[in-house]
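>>> Sequence and predicted model, in that order:
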Protein chains: 2
Amino acid sequence: SRPTPRRLMTPSAVSIEKETPETHRPPTFLRESETRGDVRDRFEKMIREAQDSVCQAIEAADGGGSFKEDVWSRPGGGGGISRVLQDGAVWEKAGVNVSVVYGVMPPEAYRAANPSTASDHKPGPVPFFAAGISSVLHPKNPFAPTLHFNYRYFETDAPKDAPGAPRSWWFGGGTDLTPAYIFEEDVKHFHSIQKNACDKFDPTFYPRFKKWCDDYFYIKHRDERRGLGGIFFDDLNDHDQEMLLAFATECANSVVPAYIPIIERRKDTPFTDRHKAWQQLRRGRYVEFNLVYDRGTTFGLKTGGRIESILVSLPLTARWEYDHKPEPGSEEWKLLDACINPKEWI
Amino acid sequence: SRPTPRRLMTPSAVSIEKETPETHRPPTFLRESETRGDVRDRFEKMIREAQDSVCQAIEAADGGGSFKEDVWSRPGGGGGISRVLQDGAVWEKAGVNVSVVYGVMPPEAYRAANPSTASDHKPGPVPFFAAGISSVLHPKNPFAPTLHFNYRYFETDAPKDAPGAPRSWWFGGGTDLTPAYIFEEDVKHFHSIQKNACDKFDPTFYPRFKKWCDDYFYIKHRDERRGLGGIFFDDLNDHDQEMLLAFATECANSVVPAYIPIIERRKDTPFTDRHKAWQQLRRGRYVEFNLVYDRGTTFGLKTGGRIESILVSLPLTARWEYDHKPEPGSEEWKLLDACINPKEWI
């Protein structure tokens, strides 16, 4: 029902094939020839179970809305399941997507995904595997925070014309909280759950990934962060692969206990137009971060990923007021201060 | 009243100095030593007169709001005047800015502004002059279109360590219309005024700059344009400098007659929530274009220009619905079709 372009779309220099809608959710997006029980297989199972359990918890807490599901596949290999709950009782927009894609990556896309290797001059197309769960949950009530989480696993193989080169793999991800107003007990609860998940694996993880999160969600042109952080890590392959798979699983399983109790406490808090307008301004910052800086979003837009899945992270509504400055000492000012000067919450 | 960062801001690799607020509007931003009557001087006069006349026409048509003015200067040279009318009777946000800046551009900034010269390896810092008027006018009524216009003049001198290299100059700019609903008479009127302005100078200008506009305001990840176009040109130096100054002046003077009659016809049209929601979705596309593709915005964000002046182009409010598709044949569908398949309006 979208108007059709009269000309064929210009093929992008950096392009991954367009997705095809599917009527059924397949048991796996992997090919039958894939080895059952390997990391790819277990990572797909993990993210699909996490998608189910997060969506169940959101629907239960929402009490009104339900997720709409879109399944899609890529001719080259793999596919995904996008689930969106829009205009619920508690959430105005909640997206929980999984995708499992693989095939051959044009060298330009490989370089766009790995800017540091730009000068490597990797020769031919690069075989790749990428699977992940990605979610942004935007509640209606201005005292109920937005949550984002994303856990992903990548493999690249030797370029077709350099068969001797080594296969590489890495994990990435994180969970972070973006409130419009600070309730210290909420932020402490959220960070404690992240720290507990990290501490089960390595005592250096929480301090390292907490700082990485503060550094990553940085809106440079504002000199402020999008929210109050959490954990973030990327290109992680300096530990045992099994250990990192278990760590990502633990993190994904921590989403519901970290977030839902906060929502239960805040979803029905009375609010005024002033509170709503401030939430909307902070949503504007969310849009700025995602469209200008977020690696997944900017990579997805450049490479022609599924646009509706990529941009489901944007809030339903956002606001930009010229030169808005909160009154010093106000609740709005305190939130902004914590976005400008990241704090240790626990 | 903004919270102060506890640490000094990390100096950007590509950075133009921060602006200083001023209490008075100077008669000129040029130095006394500048030659009166040269192109820089006359271009500044032109854009400042255009700012005054557009702001007067907007205030008169609005009948309620008035512009708030911020004057700023740069220690290195020049400054600007930002004027914003927010929450008026007719416009929800109207920004009309002029800036006249000059000094020495770090080579990285020069390359960011001129991607095609990336491989030139221009050696040292480059002396530059940049002056422009830039405006985005977002009305409240969903049947009243958004207007953007921008006219600018640049000069660069030989890099400090290559004194023999030639000075270069160029003009850029354009005026384009972004409605949420199509009224053919409005779009024809708008494009006719642009064509008349062009035809006074060169019969090839309108067809060339109309197409350039359709190509420039292209949201690649959506395969659609932000609106219904107008004229756009950049890096223009292939005509007599006096002729191009006169052409830019003619274009700037055409803004009021091209736009205000449309606003007068549409500002009080009754509308429903559905019309408003569609306008808000199209405003979301406006945000996507400006933050992801617009050369001025992305350059400004990278180089640390005055953020509030740069982002005044964003609408007061915007909306993103997951996978929204207008009903085929509907008024919303017709607008989208014209954004996907640009039309000849006259």
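Yep, that arrived. Numbering: from 1, shown residues only, chains lettered A, B, ... in the order given.

>>> can you give me phi and psi for residue A:192?
phi -60, psi -40 (degrees, to the nearest 10).

>>> where exactly do the strands run in chain A?
Under the criterion DSSP state E, chain A contains strands at A:20-22, A:68-73, A:78-86, A:91-105, A:126-139, A:146-156, A:168-178, A:218-219, A:224-225, A:230-236, A:317-319.

>>> Tell me, how many residues neighbour the residue lying closest to residue A:201 once chain neighbours are set aside?
Computed as C-beta to C-beta, 6 or more residues apart in numbering or on different chains, the closest residue to residue A:201 that is not its neighbour in sequence is residue A:247, at 4.7 Å. Yep, even glycine has a C-beta here, placed from its N, CA and C like the rest. By other C-beta atoms under 10 Å in any protein chain shown, 23 other residues sit near residue A:247.

>>> Repeat that for residue A:287.
Other residues near residue A:287 come to 24 when the count uses other C-beta under 10 Å.

>>> Looks like residue A:105 contacts residue A:154 (just checking).
No. When contacts are counted by C-beta atoms under 8 Å, residue A:105 is not listed as touching residue A:154 (10.4 Å).

>>> Which of these two has more residues huddled nearby?
The neighbour count for residue A:105 versus residue A:154, taken as other C-beta under 10 Å, is higher for residue A:105 (26 against 19).

>>> Can you tell me who that one pairs with across the strands?
Here residue A:105 sits in beta bridges with residue A:126, going by DSSP bridges.

>>> Report the helix or strand with the lowest average pLDDT across chain A.
Least confident helix or strand, chain A: helix A:107-113 with a mean of 64, by mean pLDDT, DSSP states H and E.

>>> For the residue nearest to residue A:201, give its distance to residue B:234.
Distance of residue A:247 to residue B:234, computed by C-beta to C-beta, to the nearest Å: 49 Å.

>>> Which residue is the nearest non-sequential neighbour of the residue of chain A most remote from its centre?
Ranked by distance from the centre of chain A (C-alpha atoms, centre = their mean), the top residue is residue A:6, with 34.8 Å. Among residues not flanking residue A:6 along the chain, residue B:341 sits closest, at 5.0 Å (C-beta to C-beta, 6+ apart).

>>> which phi and psi does the one you found have?
With angles defined as degrees, to the nearest 10, residue B:341 sits at phi -120, psi 90.

>>> Tabulate the strands of chain A (TSV), appending mean pLDDT.
Putting the strands of chain A into TSV (pLDDT from 0 to 100) gives the following:
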stretch	mean pLDDT
strand A:20-22	92
strand A:68-73	95
strand A:78-86	95
strand A:91-105	93
strand A:126-139	94
strand A:146-156	96
strand A:168-178	96
strand A:218-219	97
strand A:224-225	97
strand A:230-236	96
strand A:317-319	98
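
>>> Just put the ones you listed in a markdown table and tack on distance to residue A:309.
Output for the strands of chain A, formatted as a markdown table (distance: least, C-beta to C-beta, whole Å):
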| stretch | distance to residue A:309 |
| --- | --- |
| strand A:20-22 | 12 |
| strand A:68-73 | 8 |
| strand A:78-86 | 5 |
| strand A:91-105 | 5 |
| strand A:126-139 | 8 |
| strand A:146-156 | 12 |
| strand A:168-178 | 17 |
| strand A:218-219 | 23 |
| strand A:224-225 | 25 |
| strand A:230-236 | 20 |
| strand A:317-319 | 19 |
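
>>> Tell me the helices and strands packed up against the longest helix belonging to chain A.
Looking across chain A with DSSP state H, the single longest helix is helix A:39-62. With contacts taken as 3 or more C-beta pairs under 8 Å, 6 or more residues apart in numbering or on different chains; DSSP states H and E, helix A:39-62 sits against strand A:78-86, strand A:91-105, strand A:126-139, strand A:146-156, helix A:241-253, helix A:255-266.

>>> The third one to strand A:91-105, inter-axis angle?
It refers to strand A:126-139. 180 degrees (axes from the mean of the first three to the mean of the last three C-alpha atoms, to 10 degrees).

>>> for residue A:22, which residues make a bridge with it?
residue A:71.
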